[in-house]
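J.: What shape does this take:
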Amino acid sequence: MVKITFQPVSVQKPEKDNDADKITIPQAHEQLVPPVRPRKTYSLMRPHCFIFGLSVIMTVLVMASVYFYRYYVPLEIPEDSLFHCRVLFEDTVYAPLSGRQELEENVGIYLDDNYEQISVPVPHFGGSDPADIIHDFQRGLTAYHDIALGKCYITELNTTTVMPPRSLWELLNNVKRGTYLPQTYIVQEEMEVTGRVRNMRQLGPFIHRLCFGKETYRLRRRNQRQRIQRRETKKCHSIRHFENTFVVETVICDRF
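T.: This next block holds a predicted model:
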């Protein structure tokens with residue numbers, strides 16, 4: 001008689017089968033968040049920021065160059081607008097018995113910019129200070145730089161004694177071939193200091209360039225009937241110059 005036996009069959013599956021059948025369900029927050037990618041905004045903005053910054057720097061440099069050129073670089077003028085003058089005149093105010101005196105100066109006329117610049121060297125006869133003078137017809141101002149004192153004086157342009165650039169240019173061209181201008185006379189104007197000038201830019205580029213770094217004061221004209229008292233003569237100084245058919249002696253009384 002044959003005996004048949006059966007081995008028990010295990011119902012457990014191998015672990016690898018369990019892992020294969022396992023289903024993973026993602027969480028809610030994992031479904032909403034997309035995969036993180038590198039941002040390109042910064043890389044795209046960088047060239048634009050660089051170009052903008054470069055344009056700002058270039059603009060500042062251009063403006064600074066224009067300002068420096070306008071206020072500090074002397075302008076060149078054609079040779080036919082430069083004049084060397086020697087004028088004979090009668091001093092009937094202070095030296096009526098001394099006979100004729102001579103005034104020498106260099107004149108530059110800027111027709112395009114509508115101003116005149118006069119340089120008066122140390123006079124041969126004394127009694128006057130060397131000076132540089134600017135008559136700015138565009139702004140209606142006159143500036144006297146007294147070289148002996150190292151000071152600048154600003155006043156309103158007196159168009160009754162100062163010829164405009166075109167008229168003065170024509171006058172000087174008419175006598176340019178001669179050594180002397182026709183004999184003339186002298187006119188005196190009296191000025192007094194009223195205060196210090198703080199804002200130099202309001203004077204315009206030409207006067208600003210002349211008076212930059214110097215003590216600068218404002219002037220006002222005295223009444224022509226008012227005479228300079230003898231006690232004031234030590235505080236006053238004069239500048240003789242020529243910008244018309246006569247010589248002008250500007251007497252400046254400085255209280256500072």
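J.: Show me the shaky parts of the protein.
T.: 1-50, 52-54, 56, 59-79, 92-98, 125, 179, 224-234, 256 (pLDDT under 70).
J.: what ranges do the helices span in it?
T.: Applying DSSP state H to the chain gives helices spanning 15-21, 28-32, 41-72, 165-174, 205-211.
J.: Next up, the contacts around residue 83.
T.: 106-109, 172, 176 (Cβ atoms under 8 Å, 6 or more residues apart in numbering). In this view, the C-beta of every residue, glycine as well, is placed from N, C-alpha and C.
J.: Any idea what it is bridged to?
T.: Judged by DSSP bridges, the bridge partners of residue 83 are residue 107.
J.: Then the one 4 residues further on?
T.: On DSSP bridges, the residues paired with residue 87 through beta bridges are residue 103, residue 181.
J.: Report how many residues lie close to it.
T.: 23 (other Cβ atoms under 10 Å).
J.: Then the one 4 residues further on?
T.: Other residues near residue 91 come to 20 when the count uses other Cβ under 10 Å.
J.: shouldn't it be in contact with residue 184?
T.: No. Contact criterion Cβ atoms under 8 Å: residue 91 and residue 184 do not qualify, at 11.1 Å.
J.: returning to that earlier point: report the buried members of the contacts of residue 83.
T.: Among those, the ones that count as buried by 16 or more other Cβ atoms under 10 Å are 107-109, 172.
J.: wait, which of those is closest to residue 210?
T.: Nearest to residue 210 among the buried ones among the contacts of residue 83 is residue 108, at 12.0 Å by Cβ to Cβ.
J.: need the contact list for the closest one.
T.: Under the criterion of Cβ under 8 Å, 6+ apart, the neighbours of residue 108 are 77, 81-83, 116-119.
J.: Can I have the buried ones of the residues you listed as a PyMOL selection?
T.: Here is the PyMOL selection string for the buried members of the contacts of residue 108, based on 16+ other Cβ under 10 Å:
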select buried, resi 81+83+116+117+118+119
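J.: want to throw the contacts of residue 108 into TSV with distance to residue 195?
T.: Below are the contacts of residue 108 laid out as TSV (distance: Cβ to Cβ, whole Å):
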residue	distance to residue 195
77	33
81	35
82	35
83	34
116	26
117	25
118	25
119	27
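J.: Just the ones of the contacts of residue 108 in strands?
T.: Counted as lying in strands by DSSP state E, out of those, are 82-83, 116-119.
J.: can I get the contacts of residue 83 in a markdown table with distance to residue 126?
T.: Putting the contacts of residue 83 into a markdown table (distance: Cβ to Cβ, whole Å) gives the following:
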| residue | distance to residue 126 |
| --- | --- |
| 106 | 20 |
| 107 | 22 |
| 108 | 26 |
| 109 | 28 |
| 172 | 26 |
| 176 | 28 |
